[in-house]
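predicted structure and sequence below. I'll ask about it afterward.
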Amino acid sequence: MSEFLSQPWPWYVAGPIIGLMVPLLFYVGNKAFGMSSNFRHVCAACDPAGIEFFKYDWKTGTWNLVMAAGVLIGGVLGGLVFANPDPIDLSSSTVSSLQSLGITDFSGFVPSDLFTWQALGSGTGIIVLAIGGFMVGFGARYAGGCTSGHAISGLSNLQLASLIAVIGFFIGGLFMTYVLLPIIL
Amino acid sequence: MKFSDFILYLFSGIFFGFVLMKSEVVSWFRIQEMFRFDAFHMYGIIGLAIFVGMISIQIIKKMNAKDRNGNPITVAPKDSTQVKRYIIGGTFFGLGWALLGACPAPMFALLGSGLTVMIVPIITATLGTYVYGVLQQKLPH
């Protein structure tokens, strides 16, 4: 068991488990699986300006905030206690593409050149961490959901809105990957 | 919130976060690999997650299933009359996803794994959400 917990899980194991989050949350409390609303709940809890979008009882989102805390603990368990032993088995094509953009360290989950406090001293680090995070938060709320809420929850329920949002995710993602990232990195 | 609810949501999150780490979904490299169409990994995960979610929702609807408190489960539709918000908002999200290599859940999981600098995108994502709230009436939806 401990060996299983300390290994990377293949897609055909992880995918169905993630999919089961949808019925699990419906069963536990009639909740739609999602994660990005937590940012809105935080805004609603401390909104200083009385913005209409944040005028609701943020405590209705307590379940989601508790779940986000759980995800963080899951990160402690999966990333520290039962950390995967080897570097990610990335496709060699991705590795060479990223090497040509100047990425050198492929040993962790994220490139160490970009994801450190020191990197925040560079323009590149600020763009990746601060601007990247800003666009995820802004875009998720504008689109009404993130990968959990639209790609998994929404598409599971055959929602056209979610399909359009996921198409948007890929328009943005491909433009970033092929056009902007070579300039930024 | 009842203590039993607290525990169940907390453990749902722990479970989810753990799978995200084990399957390397939290990895900036895996997201790059996905957007470069170099591996099936991420597509397999998201595709199977949708498949299992879809079957589950069909069963819930067919059986008129109830939640554990005995209340009928309601699977709410999304508002499909708005299109601009999904395509424009989705594009912003995708730009951020490919740049940061993490969507919201992986941000929290990575922070837990000891990558303390992830607090920065968590704060700016909250800021981005706030800016959306401020601009909402002026943005096309």
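Nice, thanks for sending it over. Numbering: from 1, shown residues only, chains lettered A, B, ... in the order given.

B:K61: how many residues sit nearby?
Number of residues near B:K61 (other CB atoms under 10 Å in any protein chain shown) recorded here: 12. Every C-beta, even on glycine, is put in place using the N, C-alpha and C of the backbone.

distance of it relative to B:P77?
12 Å (CB to CB, to the nearest Å).

please name the nearest non-neighbouring residue to the residue nearest to the spatial centre of chain A.
The residue lying closest to the centre of chain A (CA atoms, centre = their mean) is A:T147, at 7.1 Å. Distances taken as CB to CB, 6 or more residues apart in numbering or on different chains place B:C103 nearest to A:T147, at 4.4 Å, with adjacent residues excluded.

likewise A:S156?
According to CB to CB, 6+ apart, the nearest residue to A:S156 is B:G53 (3.0 Å).

could I get the contacting residues of B:D38?
Each residue near B:D38 by CB atoms under 8 Å, 6 or more residues apart in numbering or on different chains is listed here: A:S91, A:S93, A:T94, A:S97.

give me the buried subset of the residues you listed.
Listed as buried from the contacts of B:D38 are A:S91, A:T94, A:S97; burial here means 16 or more other CB atoms under 10 Å in any protein chain shown.

and the residues you listed near chain B, which?
A:S91, A:T94, A:S97 (CB under 8 Å from any CB of the partner chain).

reformat those residues as a markdown table; add secondary structure and pLDDT.
Converted to a markdown table, these look like this (DSSP: H, G, I helix; E, B strand; the rest coil; pLDDT from 0 to 100):
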| residue | secondary structure | pLDDT |
| --- | --- | --- |
| A:S91 | coil | 97 |
| A:T94 | helix | 97 |
| A:S97 | helix | 97 |
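
ok, residues contacting the strand or helix carrying B:T129?
Applying DSSP states H and E as the criterion places B:T129 in helix B:119-135. Helix B:119-135 is touched from outside by A:36, A:39-40, A:42-43, A:47, A:49, A:51-54, A:120, A:129-142, B:96, B:100, B:102, B:104, B:107-108, B:111, B:139, with contacts defined as CB under 8 Å, 6+ apart.

repeat the analysis, applying 6 Å as the threshold.
Residues outside helix B:119-135 that contact it (CB atoms under 6 Å, 6 or more residues apart in numbering or on different chains): A:39-40, A:42-43, A:51, A:53-54, A:129-130, A:133-134, A:136-138, A:141-142, B:100, B:107.

if anything else comes up later, I'll come back, but that's it for now.
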